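Student: Okay, structure incoming, though there's no sequence with it:
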């Protein structure tokens, strides 16, 4: 499928330049989320989480999230509520500034 619109796009070099050897939970102390990629199709009511990447102690890591879909309405509010539930400070984690959407 070809997508017509995106925010915060990156090229192939982004993925080629990273070597993700670890996966960590988003509750891991010291983690900074660098990219949360969300995908959707027209008319579909939610965003699917494609991947979430971060940096921990200078190392690129995959990030496990407690959700795999995000409602299209109030994306930020949904993430903040999920973070509160897990005692994570969403803004400090960097996840709110790392959102990339493809549709």
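Tutor: Alright, I've got the coordinates. Predicted, not measured: the structure shown is a model, and the values here were computed from it.

Student: Counting neighbours, what do you get for the nearest residue to residue 22 once chain neighbours are set aside?
Tutor: Spatial nearest neighbour of residue 22, chain neighbours left out: residue 61 (4.7 Å); criterion: CB to CB, 6 or more residues apart in numbering. Using the backbone N, CA and C atoms, a C-beta is placed for each residue, glycine as well. Look at residue 61: counted by other CB atoms under 10 Å, it has 22 neighbours.

Student: And what about residue 61, helix, strand or coil?
Tutor: Following DSSP: H, G, I helix; E, B strand; the rest coil, residue 61 is assigned to strand.

Student: can I assume it is in contact with residue 31?
Tutor: Yes: between residue 61 and residue 31 there is a contact at 7.4 Å, judged by CB atoms under 8 Å.

Student: who touches both of these two?
Tutor: Contact criterion CB atoms under 8 Å, 6 or more residues apart in numbering; residues shared by residue 61 and residue 31: 24, 54-55.

Student: any idea whether residue 76 is helix, strand or coil?
Tutor: In three-state terms, and counting by three-state DSSP, residue 76 is helix.

Student: check contacts around the nearest residue to it once chain neighbours are set aside.
Tutor: Ranked by CB to CB, 6+ apart and with sequence neighbours excluded, the top spatial neighbour of residue 76 is residue 96, at 5.9 Å. Listed by CB under 8 Å, 6+ apart, the contact set of residue 96 reads 76, 79-80, 90.

Student: do residue 43 as well
Tutor: Not one residue lies near residue 43 by CB under 8 Å, 6+ apart.

Student: Use 366 as the first number for this chain going forward.
Tutor: From this message on, residue numbering opens at 366, which makes the last subject residue 408.

Student: Figure out the helix or strand that it lives in.
Tutor: If you go by DSSP states H and E, residue 408 is not part of any helix or strand.

Student: I appreciate the help and will end here.
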